[in-house]
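Please work out how this folds:
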Amino acid sequence: MNNFDQKYCLNSFERLLEKDSTTGQYEEVQALICEMLDEIKVPYEVTRKGGVIANLGGDGEALVVTAHLDDIGLMVRHVNADGTLNVCAVGGLYPFYCVTENVRIYTRDGKVYTGSICRTPNSVHVTEEELRVALPDYRTNVCVVLDEDVKTAADTHALGIDTGDMIALYPRFEYTASGYIKSRFIDDKACAAVLLAAMKRIKEHGIKLNRKVYAYFAMYEEIGHGTVYLPEDVKDILAIDIAPTGPDQNSDEKKVSIFCKDSRFPYHWGMTNELREAAKASGADFVMDIFTPHYGTDCDPSVLAGYDIRHAAIGPGTANSHGYERTHIKGLENTYKLLMAYLTK
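Alright, predicted model coming up:
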């Protein structure tokens, strides 16, 4: 069950990237995912706090397949005396992974400004050595510099910028001739695109599912409460999320990983074994891997919320997690292949 529509998957990823969606700022990306579901004629409902649950049909004990659409980013903590912005992280965005990036600042009045994340002082040539080697820190030596003529806090406030405004980083998507995909927010918009590609294939070709299936596009994964609400008939949950690569990891950018454990607890033994058998049967190029000490998926809050469910996770190997990430089209294809095999075996 391959038939991976690479063009549709990449196009969907790019469309999702066009909507800034720092956690909490979900309205535009939610409207887009609803539009995309309308295009492939899949019914859905919108949750009260933000999130979309689509019904793919099927009979039997219900499975939720989830991928999240919120991104890590920043929020204005306060306006500095010189008109620059002191910021704090929304989700796991570390200063060393975002200094020098361009950003968009969203005010609560609907205005949008651009700027850059800079060190303070910001010029290496005129900065003392001890300041040049200091680690970047949002509280003390990192700020957002606006692309506006501001010199004082009053100048910035006059633009309508204030504490609590949202700041989104430019994704900088690139698809190379060798098949590598470079972008911020592969976590998790690329995985959402894989899920959409599977849904499109199932719907257009009338593929029979082996059980009832929901697709849950969650909006709060990066801060830990994306799927604390589930439809009442759900028995299992499967997250599609990135599989970080590293020196001690099995994960590979061209393969799909089946998650054995994250920083909270092991994934369900029986469900994980089912995915392993589906991967073997489908010919998906896969590895088993463990992700600690700083990783979790939207399966975890569902379990912690008290649902009596099995939980598992799969996803493409991805380098530079929570930074300028990279995966490979083969990783997305193998994730798609395993997902389709698991839904239709």
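
residue boundaries of the strands in the stretch 201-345 of the chain?
All strands of the stretch 201-345 of the chain, identified by DSSP state E, counting those that start in this stretch, fall at 213-218, 234-240, 243-244, 256-261, 286-290, 310-318, 325-328.

For the stretch 1-150 of the chain, give me the ranges with low pLDDT.
Along the stretch 1-150 of the chain, the model assigns pLDDT under 70 to residues 1-2.

Which residue ranges of it form helices?
Counting by DSSP state H, counting those that start in this stretch, the stretch 1-150 of the chain forms helices over residues 6-17, 27-39, 129-132, given from the N-terminal end onward.

now these in TSV, with mean neighbour count?
C-betas here are computed from N, CA, C, even on glycine. As requested, those are arranged in TSV below (neighbours: other CB atoms under 10 Å):
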stretch	mean neighbour count
helix 6-17	18
helix 27-39	17
helix 129-132	9
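
can you list the ones you listed in JSON lines and add distance to residue 66?
Listed next are those as JSON lines, based on distance: least, CB to CB, whole Å:
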{"stretch": "helix 6-17", "distance to residue 66": "15"}
{"stretch": "helix 27-39", "distance to residue 66": "13"}
{"stretch": "helix 129-132", "distance to residue 66": "43"}
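
Quick one, which of these gets closest to residue 281.
Taking CB to CB as the criterion, residue 281 comes closest to helix 6-17 out of the helices of the stretch 1-150 of the chain, the separation being 22.3 Å.

now for that closest one, which elements pack on it?
Judged by 3 or more CB pairs under 8 Å, 6 or more residues apart in numbering; DSSP states H and E, the packing partners of helix 6-17 are helix 27-39, strand 180-183, helix 186-205, helix 329-344.

Tell me which of the helices of the stretch 1-150 of the chain sits nearest to residue 138.
Nearest to residue 138 among the helices of the stretch 1-150 of the chain is helix 129-132; the distance by CB to CB comes to 15.9 Å.

Residue 168: what secondary structure?
Each residue gets one of three states, and residue 168 gets strand by DSSP: H, G, I helix; E, B strand; the rest coil.

show me the contacts for the residue nearest to it when sequence neighbours are not counted.
The spatial neighbour of residue 168 that comes closest, neighbours along the chain excluded (CB to CB, 6 or more residues apart in numbering), is residue 20 at 3.6 Å. Applying CB atoms under 8 Å, 6 or more residues apart in numbering to residue 20 gives the contacts 28-29, 71, 73, 104, 106, 166, 168.

distance of residue 20 from residue 322?
Noted for residue 20: a distance of 16 Å to residue 322, by CB to CB, to the nearest Å.

can you give me the strands in the stretch 51-200 of the chain?
So, for the stretch 51-200 of the chain - with DSSP E, counting those that start in this stretch - the strands run 51-57, 62-68, 73-79, 85-90, 102-106, 112-119, 142-146, 166-169, 174-175, 180-183.

Counting by contacts, list what the longest one packs against.
In other words, strand 112-119. Using 3+ CB pairs under 8 Å, 6+ apart as the contact test, the elements touching strand 112-119 are strand 102-106, strand 142-146.

residues contacting residue 132?
By CB under 8 Å, 6+ apart, the residues touching residue 132 are residue 124.

hang on, the earlier thing: out of the helices of the stretch 1-150 of the chain, which comes closest to residue 318?
From the helices of the stretch 1-150 of the chain, taking CB to CB, the stretch that ends up closest is helix 6-17, at 12.8 Å.

So what touches the closest one?
Here helix 6-17 makes contact (CB under 8 Å, 6+ apart) with 29, 32-33, 36, 69, 171, 173, 175, 181, 183, 185, 189-190, 192-194, 196-197, 200, 329, 332-333, 336.

The residue lying closest to residue 217 once chain neighbours are set aside bridge partners, please.
The shortest distance from residue 217 to any residue other than its chain neighbours is 4.5 Å, reached at residue 52 (CB to CB, 6+ apart). Here residue 52 shows beta-bridge partners residue 46, residue 217, assigned using DSSP bridges.

Enumerate every residue touching residue 52.
With contacts defined as CB under 8 Å, 6+ apart, residue 52 is in contact with 30, 33-34, 37, 44-46, 216-217.

now with 10 Å?
Remark: with contacts taken as CB atoms under 10 Å, 6 or more residues apart in numbering, residue 52 is in contact with 26, 29-31, 33-34, 36-37, 44-46, 69, 215-219.

Likewise for residue 313?
With contacts taken as CB under 10 Å, 6+ apart, residue 313 has the following neighbours: 66, 237-241, 243, 257-260, 262, 267, 271-272, 275, 291, 295-300.

let's see 8 Å
Residue 313 sits next to 238-241, 258-259, 262, 267, 297, 299 when contact means CB under 8 Å, 6+ apart.

just residue 245 next, same as before
Residues in contact with residue 245, defined by CB under 8 Å, 6+ apart, are 251-253, 317-319.

Output those in a markdown table; the columns should cover neighbour count.
Written out in a markdown table, the entries for the contacts of residue 245 read as follows (neighbours: other CB under 10 Å):
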| residue | neighbour count |
| --- | --- |
| 251 | 24 |
| 252 | 22 |
| 253 | 21 |
| 317 | 26 |
| 318 | 26 |
| 319 | 20 |
